[in-house]
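> Model the structure of this input:
(2 chains)
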2 protein chains.
Amino acid sequence: MNNEEFLGKLNEKLALIFTDKAKVESAMKYSLLLPGKRLRPLFIKTVCEDLGGNLEFVWIPAIAVELFHTGSLVHDDLPQIDDSPLRRGKPSCHIVYGNDFAILAGDGLMLKAFQTLSQAHETTKSMLFESFSKATFDVLIGEALDVEYTGTKRTLPEIIGMYEKKTGALFGFCFAAGAIVSGKYHLVERLERIGRVFGIWFQIIDDLKDALLSEEEAGKTTGRDKALGKVTVLDCLGIQETKKFADNLFEGLQKIFERLGLNKTKSLARNVYEMVKL
Amino acid sequence: MNNEEFLGKLNEKLALIFTDKAKVESAMKYSLLLPGKRLRPLFIKTVCEDLGGNLEFVWIPAIAVELFHTGSLVHDDLPQIDDSPLRRGKPSCHIVYGNDFAILAGDGLMLKAFQTLSQAHETTKSMLFESFSKATFDVLIGEALDVEYTGTKRTLPEIIGMYEKKTGALFGFCFAAGAIVSGKYHLVERLERIGRVFGIWFQIIDDLKDALLSEEEAGKTTGRDKALGKVTVLDCLGIQETKKFADNLFEGLQKIFERLGLNKTKSLARNVYEMVKL
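Residues are numbered from 1 along each chain as shown, chains lettered A, B, ... in the order given. The predicted model follows:
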């Protein structure tokens, strides 16, 4: 199955999760079905393929990770956190459904993620559960550090440590999940670490986009980091050095993918790189 | 182990979960260590004892349920939801840590609940995970219906259905968990349903407390339901009929506990009944 076919099927499955029976379900559905890139599910899929696993086992962790990711974005966008009225090119959840339902919808999306994962195949469920629950708690701690650091001066290691949790942890789960569903248990820890580094790179690219792109180009509110006093790698390194830092990280990851024979994963990462023209 | 000893040990374990390394951890710790009755953990314990199970397996679901419950209270108390400045006799999380950190702390408590549960014994993990993730999602839907119903006119079945999710689902998990950790798998579904009914009774008592007690007596903001236009059973039945309804429900439950030989559970429920002098 190629990535487009996978995304088509994934979007069909996501569209079936929520009804419109309750207002909170409509809010969850609205946010989940905004046109996202579904990058995290895609990485579970490519890692699984690269390791010779059965794609049938990918759906459940793929849906779970997209549900959780959407829930965390809904809370991030709230006026009390990042105050972003725009997400994936459309009005954010709280703009459409109000702050109360956005808080509840964010909770619901996260909880539905776990309920989905609880339906995983018995051979993979326990490991997926451990990895996912650790990753999602780390995401939360990373987001909270991001808020706590706002308006303060931080060192590069502190900022990278925050990125590793905020954005790295969930990619770490995706890479690990690809190994778990393929039964390649000896690779789980290593791929989790590689996924976290990919996430750090991805977060740095996101910071560069926020600083350099227009809202139309980015599909979300930009220029917010500076306006909100957010601490980013750019504060420490400036734009040119940050770009170099990101490129070095990316080339290092490409070599690791090659060494491990993760060819589809390498090619997906390259696509992500080329999608962002900075 | 009697209930007091259990609560002592449980509180010791809860006190060790969070450090003060990050502001969000302090916020989670603050809310978790407010003097709660820890009723939900207690019911897992009594059901397990009544079914002849090993109490060693109770700790993990007990801690998970208290973490989740605290997280859901932190979000409930937010100005955007129930706007309650008082919880368990002390200032609510958002009063002490701000709305941003209360949103994040609520998320974190819920996620830590799952991470805790992911460490359950392999023989019980999968069933606990399924039951817990279903229950917690139901709690969220119930809370959201509560908000959606506010200021509208609803029928008794609609209100009871909302209570079953909002408050019943988590008690349902507790009763089911007592059976799961005791290896009494044939009783899981039945106890889950009984727990849900207990939760409905408990919610009605909570409504009566909100309507009849002072803040000092209740240890939390009271009179809120009316002020907020919340839909409660009292709207349909009035105070006297609601009391009768609750008493009938309670006596029915006592008989079921007796028939199933759940003596410690019956006695705990009786204590809860007597704690609330209405």
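> Please name the nearest non-neighbouring residue to whatever residue of the stretch 101-250 of chain A ends up closest to chain B.
Closest residue of the stretch 101-250 of chain A to chain B, C-beta to the nearest C-beta: A:A144 (3.4 Å). Heads up, the C-betas are built off the backbone N, CA and C, glycines and all. Spatial nearest neighbour of A:A144, excluding adjacent residues (C-beta to C-beta, 6 or more residues apart in numbering or on different chains): B:V24 at 3.4 Å.
> Over to A:G261?
A:D50 (6.5 Å).
> give the contact list for the one you found.
Neighbour list for A:D50: A:G178, A:L260, A:G261, A:L262, A:N263, A:K264, A:T265 [criterion: C-beta atoms under 8 Å, 6 or more residues apart in numbering or on different chains].
> hang on, the earlier thing: what number of residues lie near the residue of the stretch 101-250 of chain A closest to chain B?
27 (other C-beta atoms under 10 Å in any protein chain shown).
> So for the host helix or strand of it, what gets flagged as buried?
Secondary structure assignment for A:A144, by DSSP states H and E: helix A:122-149. Within helix A:122-149, the residues that count as buried by 16 or more other C-beta atoms under 10 Å in any protein chain shown are A:124-149.
> Convert the C-alpha atoms of the following helix or strand past that helix to PDB, please.
Following helix A:122-149 in sequence order, the next helix or strand is helix A:156-163 (DSSP H and E). Provided in PDB are the C-alpha atoms of helix A:156-163 (Å, rounded to 0.1, in the frame of the first residue of the first chain):
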ATOM      1  CA  LEU A 156      20.000  25.300  24.500                       C
ATOM      2  CA  PRO A 157      20.000  22.000  26.400                       C
ATOM      3  CA  GLU A 158      16.900  23.100  28.300                       C
ATOM      4  CA  ILE A 159      15.100  24.000  25.100                       C
ATOM      5  CA  ILE A 160      16.100  20.800  23.300                       C
ATOM      6  CA  GLY A 161      15.000  18.800  26.400                       C
ATOM      7  CA  MET A 162      11.600  20.500  26.200                       C
ATOM      8  CA  TYR A 163      11.300  19.800  22.500                       C
END
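> Show me what helix A:156-163 is packed up against.
Here helix A:156-163 touches helix A:122-149, helix A:188-212, helix A:233-259, going by 3 or more C-beta pairs under 8 Å, 6 or more residues apart in numbering or on different chains; DSSP states H and E.
> Export these as JSON lines, with columns for mean pLDDT.
Formatted as JSON lines, those follow (pLDDT from 0 to 100):
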{"stretch": "helix A:122-149", "mean pLDDT": "97"}
{"stretch": "helix A:188-212", "mean pLDDT": "95"}
{"stretch": "helix A:233-259", "mean pLDDT": "96"}
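> wait, which of the ones you listed is closest to A:L34?
Closest to A:L34 of the helices and strands packed on helix A:156-163 is helix A:188-212 (C-beta to C-beta; 16.8 Å).
> Is that closest one in proximity to chain B?
No - shown here: helix A:188-212 not in contact with chain B (C-beta under 8 Å from any C-beta of the partner chain), separated by at least 14.5 Å.
> orientation of that helix relative to helix A:156-163 in degrees?
Relative orientation of helix A:188-212 versus helix A:156-163 (axes from the mean of the first three to the mean of the last three C-alpha atoms, to 10 degrees): 110 degrees.
> Okay, buried residues for helix A:188-212 please.
Applying 16+ other C-beta under 10 Å to helix A:188-212 flags A:188, A:191-192, A:194-212 as buried.
> can you check stretch A:224-231 too?
Quick answer for stretch A:224-231 (16+ other C-beta under 10 Å): A:R224, A:D225, A:L228, A:K230, A:V231.
> ditto for stretch A:155-165
A:I159, A:I160, A:G161, A:M162, A:Y163, A:E164, A:K165.
> ok, now stretch A:80-99?
Quick answer for stretch A:80-99 (16+ other C-beta under 10 Å): A:80-82, A:84, A:86-88, A:90, A:92-95, A:97-99.
> and chain B, which of those residues reach it?
Answer for those near chain B (C-beta under 8 Å from any C-beta): A:Q80, A:I81, A:N99.
> Out of the residues you listed, which sit inside helices?
A:N99 (DSSP state H).
> On the three-state scheme, the closest residue to A:S214 other than its chain neighbours is what?
Nearest non-adjacent residue to A:S214, counting by C-beta to C-beta, 6+ apart: A:T222, 6.5 Å away. The three-state label for A:T222, taken from DSSP: H, G, I helix; E, B strand; the rest coil, comes out as coil.
> Find the least confident helix or strand in chain A, judged by mean pLDDT.
helix A:215-218 (a mean of 74; mean pLDDT, DSSP states H and E).
> Give me every residue in the stretch 101-250 of chain A lying close to chain B.
So the stretch 101-250 of chain A meets chain B at A:101, A:103-108, A:110-112, A:114-115, A:117-119, A:122, A:125-126, A:129-130, A:133-134, A:136-137, A:140-141, A:143-145, A:147-148 (C-beta under 8 Å from any C-beta).
> Which residues lie in contact with A:F101 in this structure?
A:K23, A:V24, A:A27, A:C93, A:H94, B:A144, B:V147.
> In which helix or strand does it reside?
Under the criterion of DSSP H and E, A:F101 resides in helix A:93-117.
> Return the residues in contact with A:E192.
Here A:E192 is in contact with A:S131, A:G172, A:F173, A:F175, A:A176 (C-beta under 8 Å, 6+ apart).
> contacts for the helix or strand hosting A:K13?
Element membership for A:K13, per DSSP H and E: helix A:3-15. With contacts defined as C-beta under 8 Å, 6+ apart, helix A:3-15 is touched by A:1, A:32-33, A:38, A:41-42, A:45-46, A:55, A:59, A:62-63, A:66, A:268.
> any idea which helix or strand comes after it?
helix A:23-32.
> which other helices and strands contact that next one?
Counting contacts by 3+ C-beta pairs under 8 Å, 6+ apart, helix A:23-32 packs against helix A:59-76, helix A:93-117, helix B:122-149.
> tell me the mean pLDDT over that helix?
Helix A:23-32 shows a mean pLDDT of 98.
> just stretch A:67-78 next, same as before
When pLDDT is averaged along stretch A:67-78, the result is 97.
> could I get it in PDB with only the CA atoms?
Provided in PDB are the C-alpha atoms of stretch A:67-78 (Å, rounded to 0.1, in the frame of the first residue of the first chain):
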ATOM      1  CA  LEU A  67      -6.600  11.200  18.100                       C
ATOM      2  CA  PHE A  68      -4.100  12.100  20.900                       C
ATOM      3  CA  HIS A  69      -2.200  14.600  18.700                       C
ATOM      4  CA  THR A  70      -5.400  16.300  17.700                       C
ATOM      5  CA  GLY A  71      -6.500  16.500  21.300                       C
ATOM      6  CA  SER A  72      -3.200  18.100  22.400                       C
ATOM      7  CA  LEU A  73      -3.500  20.700  19.600                       C
ATOM      8  CA  VAL A  74      -7.100  21.600  20.700                       C
ATOM      9  CA  HIS A  75      -5.700  22.400  24.200                       C
ATOM     10  CA  ASP A  76      -2.600  24.100  22.800                       C
ATOM     11  CA  ASP A  77      -4.800  26.500  20.700                       C
ATOM     12  CA  LEU A  78      -6.900  27.600  23.700                       C
END
